[in-house]
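**Q** the following comprises the amino acid sequence and a computationally predicted model.
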Number of protein chains: 2
Amino acid sequence: MMQSSPQAAIDKFWEFFPPVWHTVRAHIHHEAAENFDITVGQFHILRRIRGGIDSVSKLAADRDTSRPAISRAVDVLVNQGLIVRTVNPADRRNVQLSLTAEGQSLMEALFSNTRNWMAEKMADLSEAELEAIFVAGDALKRAFANKNG
Amino acid sequence: MMQSSPQAAIDKFWEFFPPVWHTVRAHIHHEAAENFDITVGQFHILRRIRGGIDSVSKLAADRDTSRPAISRAVDVLVNQGLIVRTVNPADRRNVQLSLTAEGQSLMEALFSNTRNWMAEKMADLSEAELEAIFVAGDALKRAFANKNG
DNA sequence: TGATAATAGTTAACATTAGCAATCATTTTA
DNA sequence: TAAAATGATTGCTAATGTTAACTATTATCA
């Protein structure tokens, strides 16, 4: 094959990454708004809290946004009953965020919904292609998903 | 290997796709704001115009956003001298958008900058991994990047 | 110890950007 | 030709982001 120079891989990246992410994001946007009454931004905050990113500062760092923006978004989610704030007794400045039972079941429903949709879309991928997603995913994560952005 | 079920591939997708995209987006955000004085949203509009998506309606459809939002963003870019509006003589309702010389050179500089940054990041990927990016990219594009989002 | 700095989070004021509804001009359809 | 549809823009309102200032708590260090 011998087509796989880094430059060509970068071209390929720009060919598939934005449209694929856009499609997935659009699906979540639609589902989240239509069936679960949350925005994509809220979804991504809930997703991170579910993944253990449990403070305003960590969320702000992880999303590359300001603390005030997160603080307000958290306000809304608390009022919606999806997450709770708990003061950390070990450091009373720190407010730990966690999903409520309702928040958890919402996320599980939304994830399961999205997984089913993705599984349909990926149904006719070959074994080799699925394997390539593993290899490429690990490679890209190693190359890009590290601390120094 | 035999690990490559669709379900496992979906897990992998969620493991690498958001953080990788976030890192790339953060780099562009930083470069675009710091050195070129445009926002990420503006960058993505310029990128699409550069790719031949040349009207407000097409941009709105491609970005899954409203025409008014695009129209106003275009206003800003026109005032910045990066794009021009040209009424299409064949259909005078249609306003065709194109990059000015300045817009073109800005995009070329930003792309080249980003390519260099990506090439550094991807420098130590193996030949097999680069090849996997091709296969996985085509597969994901086929699965997700089609008209019915 | 006690003053000072640093950290976590929130609030305030302001700017940007998004959305929907309505409008204008132009083209297509019946 | 009259009515419907399309492309683009503008007015108004809501959501979201940013910086600066403020409160409370913890860490530093002279």
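**A** Done, it's in. Residues are numbered from 1 along each chain as shown, chains lettered A, B, ... in the order given.
**Q** the closest residue to residue A:21 other than its chain neighbours - how many residues pack around it?
**A** If the residues on either side of it in the chain are set aside, residue A:21 comes closest to residue B:21, at 5.2 Å by C-beta to C-beta, 6 or more residues apart in numbering or on different chains. C-beta here means a position set from N, CA and C on the backbone, and glycine is covered the same way. Residue B:21 is surrounded by 19 other residues when neighbours are defined as other C-beta atoms under 10 Å in any protein chain shown.
**Q** so residue B:21 belongs to a helix, correct?
**A** Yes. Residue state for residue B:21 (DSSP: H, G, I helix; E, B strand; the rest coil) corresponds to a helix.
**Q** helix or strand for residue A:70, which one?
**A** Mapping residue A:70 onto the secondary structure by DSSP states H and E places it in helix A:67-79.
**Q** helices and strands around the helix or strand residue A:133 falls within, which ones?
**A** Secondary-structure assignment from DSSP H and E places residue A:133 in helix A:127-144. For helix A:127-144, the packing partners by 3 or more C-beta pairs under 8 Å, 6 or more residues apart in numbering or on different chains; DSSP states H and E come out as helix B:6-31, helix B:127-144.
**Q** highest average neighbour count across these?
**A** Ranked by mean neighbour count under mean count of other C-beta atoms under 10 Å in any protein chain shown, the helices and strands packed on helix A:127-144 are led by helix B:127-144, which reaches a mean of 21.
**Q** contacting residues around it?
**A** For helix B:127-144, the surrounding residues in contact (C-beta atoms under 8 Å, 6 or more residues apart in numbering or on different chains) are A:1, A:3-6, A:8-9, A:12-13, A:15-17, A:19-20, A:23-24, A:121-122, A:125-126, A:128-130, A:132-133, A:135-140, B:13, B:122, B:125.
**Q** try stretch A:7-15
**A** Surrounding stretch A:7-15, the residues in contact under the criterion C-beta under 8 Å, 6+ apart are A:140, B:115, B:118, B:119, B:122, B:125, B:130, B:133, B:134, B:137, B:138, B:141.
**Q** give the buried residues for the helix or strand harbouring the fourth one.
**A** Taking DSSP H and E as the definition, residue B:119 sits inside helix B:101-121. Buried positions in helix B:101-121, judged by neighbour count with 16 or more other C-beta atoms under 10 Å in any protein chain shown: B:103, B:104, B:106, B:107, B:110, B:111, B:113, B:114, B:115, B:117, B:118, B:121.
**Q** can it be found next to chain A?
**A** Yes. Figure legend: helix B:101-121 in contact with chain A (C-beta under 8 Å from any C-beta of the partner chain); contacting residues B:115, B:118, B:119, B:121.
**Q** residues from chain A in reach of DNA strand D?
**A** Proximity of chain A to DNA strand D (C-beta under 7 Å from any atom of the strand) is limited to residues A:39, A:41-42, A:65-66, A:68-69, A:72-73, A:76, A:91-93.
**Q** those, buried ones only, as a ChimeraX selection?
**A** The ChimeraX command for the buried members of these (criterion: 16+ other C-beta under 10 Å) is given here:
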select /A:41,42,73
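**Q** format the residues of chain A next to DNA strand D as CSV; extra columns: pLDDT and distance to chain B.
**A** Shown next, in CSV, are those (pLDDT from 0 to 100; distance: C-beta to the nearest C-beta, whole Å):
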residue, pLDDT, distance to chain B
A:39, 88, 14
A:41, 87, 13
A:42, 90, 15
A:65, 92, 11
A:66, 94, 13
A:68, 96, 18
A:69, 95, 15
A:72, 94, 21
A:73, 94, 17
A:76, 92, 21
A:91, 96, 27
A:92, 95, 31
A:93, 95, 27
